[in-house]
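Chemist: need coordinates for the below:
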Amino acid sequence: MLLGSFLNDNLVKFWHFTGFYNVTLEPSSLIMICVGLFFIYLAIKKNFEPMLLVPIGFGILIGNIPFMPGNEIGIYEEGSVLNILYQGVRQGWYPPLIFLGIGAMTDFSSLLANPKLMLVGAAAQFGIFGAYMVALALGFMPDQAGAIAIIGGADGPTAIFLSSKLAPNLMGALAVSAYSYMALVPVIQPPIMRLLTTKKERLIRMKPARKVSQTEKILFPIFGLILTCFFVPSGLPLLGMLFFGNLLRESGVTTRLAKTASNAMTDMVTIILGMSVGASTQASQFLTLDTIKIFFLGFMAFVIATCSGVLFVKIFNLVLPKDKKLNPLIGNAGVSAVPMAARISNDQGLKEDPSNYLLIHAMGPNVAGVIGSAVAAGVLLAFLG
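Modeler: Reported below is the predicted structural model:
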């Protein structure tokens, strides 16, 4: 009798410990598990940014397995392994490391060869400030609105870095929104680009870029750091690491360090960052009205950024000589989704003229967008932090 009671009590205790029991207490976790499966589907079946969506999607699964609180396994439980990994997101440790890798793998030659393309990258940042104004109108506090608006820069690490400083309570929704729309850039941008341009404009051929000397490549990260960070010191964690990584690449004497930063280190940080961000989307924290508003604002910011870049090129062409006009299809590349946005410019150009390759030209505003989004984050942090 005592043995039977003992076994029954332990079976009941075990049942209460399982996810099958706890899912009845938090049924909304099943919704988030479906979202995680959808992300994994998009990554594997549709090839939408698999390096981002697979870690995030699986992280969503990890973060939404129902469990009994108090066992130090949840990402929001102090002392758990997931909580320790998540500190790198909350404290903003991972984004600068990602920027180091971006700098080490990025060739800024296309921007140096045609510096006016920096203006195209700057124009696309209007998406950030446009979304900021709408976020304020929707009732978000200024610091929250700034963190949400940075999604328009199409830069996941920057969004995480800024939200860790301005709106840590919204970080899960902000990070997932930013990375989701980065993955959906090939879906969002092409219809807008075609809507805003004429066939004649899409057929514009740009002059071949001049050759950039090694000295220019070495001096660029040094002077780029000084100029940007003297204006916006608050952007130093991101801009400093970006330009440092680029100097490792271009100096010619630190090739091994550049390869480590751009490959092994970036891959490791991306895995941990993506998984941690995904796991932070526990249903109780994520499924709120604010999350819906954030996804709406993120989409709107992307649309505004794309429109701003394309329309700026069209306006800029009015004052440029005929032989120096820019193809407006490169305007979308002003967002900092490198090199995806530049590839979209190239693909759309090839659809109109199979011999008109725009990739090299589009990389100019694309890498300028990386710098621009970091500067915009620094500006927002300076005013709102």
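
Chemist: what about Leu166, how many neighbours?
Modeler: 24 (other CB atoms under 10 Å). Using the backbone N, CA and C atoms, a C-beta is placed for each residue, glycine as well.

Chemist: what's it in contact with, if anything?
Modeler: 143-144, 146-147, 380-381, 384-385 (CB atoms under 8 Å, 6 or more residues apart in numbering).

Chemist: which among those count as buried?
Modeler: Those of those that meet the buried threshold are 143-144, 146-147, 380-381, 384, by 16 or more other CB atoms under 10 Å.

Chemist: among those, which ones are in helices?
Modeler: Under the assignment DSSP state H, the buried ones among the contacts of Leu166 contribute 143-144, 146-147, 380-381, 384 to helices.

Chemist: closest one of the contacts of Leu166 to Arg205?
Modeler: Taking CB to CB as the measure, Arg205 lies nearest Leu380 of these, at 37.9 Å.

Chemist: what's the spacing between the closest one and Ala135?
Modeler: 11 Å (CB to CB, to the nearest Å).

Chemist: pull up the overlap in contacts between those two.
Modeler: Common neighbours of Leu380 and Ala135, counting by CB under 8 Å, 6+ apart, are Ala149.

Chemist: related to what we said a few turns ago, what's the farthest-apart pair in the contacts of Leu166?
Modeler: Among these, Gln144 and Leu381 lie farthest apart (CB to CB), at 13.4 Å.

Chemist: let me know the closest of the contacts of Leu166 to Asn64.
Modeler: The nearest one, if we look at the contacts of Leu166 relative to Asn64 and count by CB to CB, is Ala147, at 23.2 Å.

Chemist: ok so, going back, reformat the buried ones among the contacts of Leu166 as JSON lines; add distance to Leu52.
Modeler: Formatted as JSON lines, the buried ones among the contacts of Leu166 follow (distance: CB to CB, whole Å):
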{"residue": "Asp143", "distance to Leu52": "26"}
{"residue": "Gln144", "distance to Leu52": "24"}
{"residue": "Gly146", "distance to Leu52": "23"}
{"residue": "Ala147", "distance to Leu52": "19"}
{"residue": "Leu380", "distance to Leu52": "23"}
{"residue": "Leu381", "distance to Leu52": "24"}
{"residue": "Leu384", "distance to Leu52": "27"}
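
Chemist: neighbours around Leu30, how many?
Modeler: 13.

Chemist: contacts for stretch 200-216, please.
Modeler: Under CB under 8 Å, 6+ apart, the answer for stretch 200-216 is 109-110, 112-114, 194, 250, 252, 314, 317, 323-330, 348-349, 352-353, 356, 358, 360-361.

Chemist: just read off the phi/psi values of Thr24.
Modeler: phi -70, psi -20 (degrees, to the nearest 10).

Chemist: now Gln285: closest residue in space, sequence neighbours ignored.
Modeler: Leaving aside its chain neighbours, Gln285 sits nearest to Gly172 (6.0 Å; criterion: CB to CB, 6 or more residues apart in numbering).

Chemist: how far away is that neighbour from Met241?
Modeler: 24 Å.

Chemist: and what of Met105?
Modeler: Taking CB to CB, one finds Met105 at 13 Å from Met241.

Chemist: cool, Leu297 as well?
Modeler: For Leu297 relative to Met241 (CB to CB), the value is 27 Å.

Chemist: repeat that for Gly63.
Modeler: 28 Å.

Chemist: how about Leu138?
Modeler: 33 Å.

Chemist: of those two, who's got more company?
Modeler: Between Leu138 and Met241, counted using other CB under 10 Å, Met241 has the larger neighbour count: 24 against 13.

Chemist: re earlier: closest one to Leu37 out of the contacts of Leu166, please.
Modeler: The closest of those, once distances to Leu37 are taken by CB to CB, is Ala147, at 27.7 Å.

Chemist: isn't that closest one right up against Leu170?
Modeler: Yes. At 6.3 Å, Ala147 and Leu170 qualify as touching, with contact defined as CB atoms under 8 Å.

Chemist: find the residues that touch each one of the two.
Modeler: Common neighbours of Ala147 and Leu170, counting by CB under 8 Å, 6+ apart, are Ser163.

Chemist: low-confidence ranges in the chain?
Modeler: Low-confidence segments of the chain (pLDDT under 70): 1-4, 6, 154.

Chemist: and Glu78, which of the three is it?
Modeler: coil (DSSP: H, G, I helix; E, B strand; the rest coil).

Chemist: what's it in contact with, if anything?
Modeler: Glu72.

Chemist: switch the cut-off to 10 Å
Modeler: 72, 84 (CB atoms under 10 Å, 6 or more residues apart in numbering).

Chemist: check the gap between it and Leu85 for me.
Modeler: 13 Å.

Chemist: so what's the residue count around Leu117?
Modeler: Neighbour tally, Leu117, other CB under 10 Å: 26.
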